[in-house]
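>>> using only what follows, build the 3D model:
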Amino acid sequence: MRSQRVTTILIGLAAAAGLVYWLQSVRSGEGGRVPEGVTRGGTLVATFRTEPQSFNRYVSARVADQLFSLLTQATLVRTNRATGVLEPRLAREWSASPDGLTWTILLREDVTFSDGTPFTSADVVFSFQALYDERVKSPIASSIQVGGQPLVLRAHDSHTVEVTFPASYGPGLALLENVPILPAHKLKASLDAGTFRQAWPVTTPPAQLAGLGPFVLREFVPGQRLVYERNPRFWRTDDQGRPLPYLDAIELQIVPEQNAEVLRLETGAVDLITDQVRPEDLAALQALQAQGTVTLNEAGVATNPEMLWLNLDPASVSAQARSWLQRLELRQAISHAVDRRRIVDTVYLGTAEPAYGPMTPGHGDWYLPDLPRTGYDPARAKSLLESIGLVDRTGDGKLDDDRGQTARLTLLTTKGHTIRERTCAIIQEQLAAVGLVLDVVPMETTALIAQLMGGRYEAAFFSIVFDSFDPGGHLDFWMSNGAFHLWHPSQATPATDWEAEIDALMLKQSTSLDSAERRRLFGDVQRLFAAHLPVIYFAAPRVVVATSGRVGGAMPSVLAPTVLWNAEMLWLVPAPAGAAGK
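Numbers count the residues shown, from 1 in each chain. As a prediction, the model looks like this:
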């Protein structure tokens, strides 16, 4: 897989030299011919763990809402996850000013929303107005900024948009791939009225929605399924001029529990599980692959390893009661107390790599193989805990604080997610070996996210989805004011000196057009992160993706969603004559 960095370098060099990039409209997103055996029609059945909380992507950054947006809406540009190349989508051509700050984008002229309303530059300008409106409080707005400042958009005519960056930006127009373009004719009234956050709740009848994506929502049964059908007005065709998408429909079945999800694939009830294959399921699925009923593909090392973090907001209830929960020594002790190799071997059955930071080999050149590591060292863990006043005062093998209370920590994780539950069990056991009591509390995903967003927790074991390889596209995680700065989000000013230093480095990193300088600066960020351990990582799995044998066109990626990122190019192989269908 080519890194998105390649595109970044090319765009940066073009802007610096005052060159013009004209990317002609493309029909196939794959850079090659579509196989002759492609068939049209049919319903692909997939599973998904959670359901949308809103049909308005701008007010919810949850994974299920991202997938809804990906299927029903479209962006100006997109990074092809198989090639790493930035592709035109609603934008058909663009050029950069010599200083790289102003981009002129020509929009496709043959595009209409799913309800038949023409798409114009007014929809693009409106979408960014909604994104940045303070009343909307969009959780994705902080990631669509440069140097903490929003982009400025202006329409020249009905199909020409000028985008001005407040400062140079290394990833260039790739920043726009995370902004779905919404219909002004449907939502402008709510923005003007200050009710945009309440627009398009999940109770909205599908007929009242409109989008530019390959599918439209036909049905949503909460707790059961979402059914998407082909958008007959979708603007893309393949390289033979055939309208996309190939499928008639996609049915997403809501299956929160992993065992049930895999069973549906094994029995042929579904065509795709949208998460990666668990290690314990590989043997059975390999047997089915030998029979031709399942297809397995390894995409690479995951870019979203599971992670443990503590609530480092000093105003939190737990911090007020037990100040030692905020101490770096506690985080270091946890990292030293856990044997990562044991997690790799027992939880992942060897199909993972030990992880010491958020960047994995799956991130390509952004990964630092020589990052300082807190290796397995229980004796060191005990010493660190003792240094912050946690010692065994009663001889029961459990540490106590200076008030004589047992040192314990409550860890929230996802109920039914076997990888997380098993990893937490090992962490719990190994922390007990150094005297620290860990209470693991599995929760349903929706309730867990509500707890985390409300700051009502001590520690969490979860993961977040990175939707690109370039760290410049994830400033909301790295920057102290970001909504996804998990351990202490949305800070008005950096709470610590090291967070302020990371802020400064990431601003420089994201605004530099020099690829080598960007890598050097981000290396410094990773070293600071490793030194202060706001998040602790243990293992990064190798991503294996499973589909039924009848799914064609899949190009699995380590970035989620692993297959449905390119849903319009999927097709179904017809069953042999005389065979029973689904």
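>>> so where do the strands sit in the stretch 51-200 of the chain?
Defined through DSSP state E, counting those that start in this stretch, the strands belonging to the stretch 51-200 of the chain, from first to last, are 77-79, 86-88, 91-96, 102-107, 145-146, 149-150, 152-157, 160-164.
>>> what would the ones you listed look like in CSV with mean neighbour count, mean pLDDT and distance to residue 204?
C-beta here means a position set from N, CA and C on the backbone, and glycine is covered the same way. Putting the strands of the stretch 51-200 of the chain into CSV (neighbours: other C-beta atoms under 10 Å; pLDDT from 0 to 100; distance: least, C-beta to C-beta, whole Å) gives the following:
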stretch, mean neighbour count, mean pLDDT, distance to residue 204
strand 77-79, 22, 93, 26
strand 86-88, 21, 94, 30
strand 91-96, 21, 95, 28
strand 102-107, 20, 97, 27
strand 145-146, 22, 88, 29
strand 149-150, 13, 93, 28
strand 152-157, 14, 97, 27
strand 160-164, 18, 98, 28
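>>> list the strands paired with the one helix or strand residue 309 maps to, with their directions.
When elements are defined using DSSP states H and E, residue 309 is found to belong to strand 307-310. Paired strands of strand 307-310, with direction, are strand 459-462 (antiparallel), strand 535-537 (antiparallel) (DSSP bridges).
>>> okay if I get these as JSON lines plus mean neighbour count, mean pLDDT and distance to residue 158?
Supplementary listing: the strands paired with strand 307-310 in JSON lines, determined by neighbours: other C-beta under 10 Å; pLDDT from 0 to 100; distance: least, C-beta to C-beta, whole Å:
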{"stretch": "strand 459-462", "mean neighbour count": "22", "mean pLDDT": "96", "distance to residue 158": "44"}
{"stretch": "strand 535-537", "mean neighbour count": "21", "mean pLDDT": "97", "distance to residue 158": "46"}
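>>> the ones you listed into JSON lines, with extra columns for distance to residue 307?
Rendered in JSON lines, the data for the strands paired with strand 307-310 read as follows (distance: least, C-beta to C-beta, whole Å):
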{"stretch": "strand 459-462", "distance to residue 307": "7"}
{"stretch": "strand 535-537", "distance to residue 307": "5"}
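>>> now the helix or strand containing residue 527, how far from the centre of its chain.
Element membership of residue 527 [criterion: DSSP H and E] is helix 515-532. Shown here is helix 515-532, whose average C-alpha point lies 21 Å from the average C-alpha point of the whole chain (C-alpha atoms, centre = their mean, to the nearest Å).
>>> show me what that helix is packed up against.
For helix 515-532, the packing partners by 3 or more C-beta pairs under 8 Å, 6 or more residues apart in numbering; DSSP states H and E come out as helix 5-17, helix 497-511.
>>> looking at these, which one has the lowest mean pLDDT?
Comparing mean pLDDT across the helices and strands packed on helix 515-532, the lowest value falls on helix 5-17: a mean of 33.
>>> show me the shaky parts of the protein.
Across the chain, the stretches falling below the confidence threshold (pLDDT under 70) are 1-36, 575-582.
>>> spatially central, which residue of it would that be?
Within the chain, one residue has its C-alpha closest to the average C-alpha position: by C-alpha atoms, centre = their mean, that is residue 465, at 2.3 Å.
>>> how about the nearest residue to that residue, chain neighbours excluded?
With sequence-adjacent residues excluded and distances taken as C-beta to C-beta, 6 or more residues apart in numbering, residue 465 is closest to residue 560, at 4.8 Å.
>>> show me the contacts for the one you found.
Residue 560 makes contact with 63, 274-275, 304, 465, 467, according to C-beta atoms under 8 Å, 6 or more residues apart in numbering.
>>> ok, the nearest residue to residue 328 once chain neighbours are set aside to residue 347 distance?
Take residue 328 and drop its neighbours on the chain: the residue closest to it by C-beta to C-beta, 6+ apart is residue 532, 6.2 Å away. Relative to residue 347, residue 532 is positioned 26 Å away (C-beta to C-beta, to the nearest Å).
>>> these two: who's more crowded?
A count of neighbours by other C-beta atoms under 10 Å puts residue 347 above the other of residue 532 and residue 347, at 25 against 19.
>>> quick check: the more buried one touching residue 420?
No. With contacts counted by C-beta atoms under 8 Å, residue 347 stays clear of residue 420, the gap being 9.4 Å.
>>> burial of residue 304, as a residue count?
The burial count for residue 304: 20, using other C-beta under 10 Å.
>>> okay, how far is it across stretch 161-179, tip to tip?
The straight-line separation of the ends of stretch 161-179 (C-alpha to C-alpha, to the nearest Å) is 15 Å.
>>> do the same with stretch 90-103
The first and final residues of stretch 90-103 sit 15 Å from each other (C-alpha to C-alpha).
>>> thinking again about what came up before, just say helix, strand or coil for the residue nearest to residue 465.
coil (DSSP: H, G, I helix; E, B strand; the rest coil).
>>> and it, how far is that from residue 222?
In this structure, residue 560 and residue 222 are 22 Å apart, going by C-beta to C-beta.
>>> cool, and residue 116?
From residue 116 to residue 222 the distance is 29 Å (C-beta to C-beta).
>>> and what of residue 547?
Distance, residue 547 to residue 222, using C-beta to C-beta: 26 Å.
>>> neighbour-wise, which of the two wins?
Neighbours around residue 547 and residue 222, counted as other C-beta under 10 Å, are more numerous at residue 547. The numbers are 24 against 11.
>>> contact partners for the closest residue to residue 310 other than its chain neighbours?
In space, not counting the residues next to it along the chain, residue 310 is nearest to residue 459; the distance is 4.8 Å by C-beta to C-beta, 6+ apart. Contacts for residue 459 (C-beta under 8 Å, 6+ apart) come out as 308-311, 409-412.
>>> out of those, which is most surrounded?
Within these, residue 310 tops the neighbour count with 27 neighbours, counted by other C-beta under 10 Å.
>>> pretty sure it sits against residue 461.
No. Between residue 310 and residue 461 no contact is recorded; they are 10.8 Å apart, counting by C-beta under 8 Å.
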